[in-house]
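Colleague: build me a model:
(one chain, ligands or ions: 1)
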Amino acid sequence: MPPSDSRGFRTRSIHAGQYRDEATGSVITPLFLTSTYEQPAPGEHTGYEYSRSGNPTRAAFEACIANLEGARYGFATASGNLATGTAMFLLKAGDHVVASDDLYGGTVRLFDQLFTAFGIAFSYVDMTNIDNLRGAMQSNTRMVWVETPSNPLTKIIDIVAAAEIAHAHEALLAVDNTFLSPAFQRPIELGADLVVHSTTKYLGGHSDLVAGVMVTDDDALGERLAYISNALGIIQATFDAWLSLRSLKTLDVRMKAHERNALSLAQFLSDHDKVQRVYYPGLPSHPQHALATRQMSGYGGMLSFDIKGGLDAARRVLQATEVFTLAESLGGVESLIEHPALMTHASMPQAMREAAGLTDSLIRVSVGIEDIDDLKNDLENALAHA
Ligand code: P1T
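Modeller: Numbers count the residues shown, from 1 in each chain. Alright, predicted model coming up:
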């Protein structure tokens, strides 16, 4: 059951899990830079004994993000990849995972290069046709891994349907919610067991930290993740947790600004004669636009497009922008542009990229919250170089 907090999303993002320093009345939750805590007697403690197991600043961030996802348990990690990797420790040798076919390249690398060595097997299927998921389930499938919208092709997967299929096979459904954040999508309310984020992206929002988080509303899963988290020591640095908590306060405001600009740029690019195809779930031409509208409360700030002229044209455009910075990552207030095949998804085998539809002419844009005219002019000028 999600927490019975009837306050609005913005109120919760500013107040949930947060507290003042009692001695000073500080309006902001204190930054507790301490590794350990005085115990009144051996084996007795205040609830905090050592910061690998728990830290009050990190706990505030974990409580707030869990609340925003409609859940009770949050576990902040040192990176988004570590959130994904920690979720794999819920499995054991011999288990099988069905994952969606368009994923952050680092996720595929983690699965195929690290966890296969521990005897976990992975299948990748295009879950935009949910029958492909049904067909890929095996007797040993213990987890379904979904990224929706996917990185970078913005494929949308039906979370309710994926949860039904996973649960019918006694498998967990994990959703990477990095592209939308709980401001626009709450997978746990749709039946997912576990949500992971790269906090580096929209939750952090300012391109100044690398971090991740896992969220669940299931008691047994929460207990297990707390155990694994402490045993492995996956924790997010306390200062990063404090920054992330600060950033959650403006999450909803930022997401709406990202979306407004992204929708406008998606329309602009769709009409541009140098552009072959635009991938943005907010466009009626997106193949899963109806599902996106039903499942999400906003379309987000991420879009990709295929440029006419292939890799050479893409390279020229990427080197010609001035407001958009050529860089990996996404979700910050500043606009970024990148080439997935050469950058964020270079670690994915070429055959897998091609099977998912990720071409060499694909350019990905993380639309920031600058003035829209400056963003349009910058892309217009860059596209002239295509
Ligand atoms: O970079 P890190 O905080 O470890 O997060 C990994 C990660 C997980 N999930 C998704 C959907 C992601 O996009 C990422 C990281 N992605 C990029 C760095 C990128 O530019 O796509």
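
Colleague: then the top helix by length along the chain to CSV, C-alphas only?
Modeller: The single longest helix within the chain, with elements called by DSSP state H, is helix 251-270. Taking Å, rounded to 0.1, in the frame of the first residue of the first chain, the C-alpha atoms of helix 251-270 are listed here in CSV:
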residue,chain,number,x,y,z
LEU,A,251,11.3,18.6,-9.6
ASP,A,252,7.7,19.2,-10.7
VAL,A,253,8.4,22.8,-11.7
ARG,A,254,11.4,21.7,-13.7
MET,A,255,9.8,18.7,-15.4
LYS,A,256,6.9,20.9,-16.7
ALA,A,257,9.4,23.4,-18.1
HIS,A,258,11.5,20.6,-19.7
GLU,A,259,8.3,19.2,-21.2
ARG,A,260,7.1,22.5,-22.6
ASN,A,261,10.4,23.1,-24.4
ALA,A,262,10.7,19.5,-25.6
LEU,A,263,7.2,19.4,-27.1
SER,A,264,7.9,22.7,-29.0
LEU,A,265,11.3,21.4,-30.3
ALA,A,266,9.8,18.0,-31.3
GLN,A,267,7.2,19.9,-33.4
PHE,A,268,9.9,22.1,-34.9
LEU,A,269,12.1,19.1,-35.8
SER,A,270,9.2,17.2,-37.2
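
Colleague: other residues contacting whichever helix or strand comes after it?
Modeller: Going down the chain from helix 251-270, the next helix or strand is strand 275-279, by DSSP states H and E. Defining contact as C-beta atoms under 8 Å, 6 or more residues apart in numbering, one finds that strand 275-279 is touched by 152-154, 266, 269-270, 285-286, 303-308, 361, 383. For glycine as for every other residue, the C-beta is placed from the backbone atoms N, C-alpha and C.

Colleague: top of those by neighbour count?
Modeller: residue 152 (30 neighbours; other C-beta atoms under 10 Å).

Colleague: thought that residue was touching residue 348?
Modeller: No - applying C-beta atoms under 8 Å, one finds residue 152 not in contact with residue 348, separated by 10.7 Å.

Colleague: so what sits against both of the two?
Modeller: Joint contacts of residue 152 and residue 348 (C-beta under 8 Å, 6+ apart) are residue 358.

Colleague: contacts with the ligand among the contacts of strand 275-279, please.
Modeller: Taking C-beta under 6 Å from any ligand atom as the test, the ligand is in contact with none of those.

Colleague: any idea which of those is closest to residue 127?
Modeller: Nearest to residue 127 out of these is residue 153 (C-beta to C-beta; 12.2 Å).

Colleague: where's the closest one relative to the ligand, distance?
Modeller: Counting by C-beta to the nearest ligand atom, to the nearest Å, the gap from residue 153 to the ligand is 12 Å.

Colleague: now, the contacts of strand 275-279 that are in strands?
Modeller: 303-307 (DSSP state E).

Colleague: show me where the protein has its helices.
Modeller: Here the chain has its helices, by DSSP H, at 9-15, 56-68, 80-88, 105-109, 130-136, 159-168, 219-232, 238-248, 251-270, 289-295, 310-318, 350-356, 372-383.

Colleague: show me what from the stretch 151-300 of the chain comes close to the ligand.
Modeller: Checking the stretch 151-300 of the chain against the ligand by C-beta under 6 Å from any ligand atom, the hits are 151, 176, 178, 198, 200, 210, 212.

Colleague: try 8 Å this time
Modeller: 151-152, 176, 178-179, 196-201, 210-212 (C-beta under 8 Å from any ligand atom).

Colleague: what is the burial count for residue 228?
Modeller: 17.

Colleague: gap between the nearest residue to it once chain neighbours are set aside and residue 145?
Modeller: Distance criterion C-beta to C-beta, 6 or more residues apart in numbering; nearest residue to residue 228, sequence neighbours excluded, is residue 89 at 4.9 Å. Going from residue 89 to residue 145 by C-beta to C-beta, to the nearest Å gives 14 Å.

Colleague: tell me the pLDDT of residue 3.
Modeller: Note on residue 3: pLDDT of 61.

Colleague: whoops, I mixed them up, residue 352
Modeller: Confidence at residue 352, expressed as pLDDT, is 89.

Colleague: neighbour count winner among residue 89 and residue 145?
Modeller: For residue 89 versus residue 145, the count of surrounding residues by other C-beta under 10 Å is larger for residue 145: 26 against 17.

Colleague: list the residues that contact residue 69.
Modeller: Contacts for residue 69 (C-beta under 8 Å, 6+ apart) come out as 177, 182, 186-188, 195, 215.

Colleague: out of those, which are inside strands?
Modeller: Reading strands off the contacts of residue 69 with DSSP E, I get 195, 215.

Colleague: looking at the contacts of residue 69, which is nearest the ligand?
Modeller: Nearest to the ligand among these: residue 177, at 8.5 Å, using C-beta to the nearest ligand atom.

Colleague: ok, and the closest non-adjacent residue to residue 298?
Modeller: Counting by C-beta to C-beta, 6+ apart, residue 298 lies nearest to residue 184, which is 3.7 Å off, once chain neighbours are set aside.

Colleague: from what I can see the one you found touches residue 293, true?
Modeller: No - contact between residue 184 and residue 293 fails when scored by C-beta under 8 Å: they sit 11.5 Å apart.

Colleague: settle it for me: which of those two has more neighbours?
Modeller: Under the criterion of other C-beta under 10 Å, the comparison of residue 184 against residue 293 puts residue 184 first, with 24 against 15.

Colleague: got TSV for the residues of the stretch 151-300 of the chain next to the ligand, with pLDDT too?
Modeller: Output for these, formatted as TSV (pLDDT from 0 to 100):
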residue	pLDDT
151	97
152	97
176	98
178	98
179	98
196	98
197	98
198	98
199	98
200	98
201	98
210	98
211	98
212	98
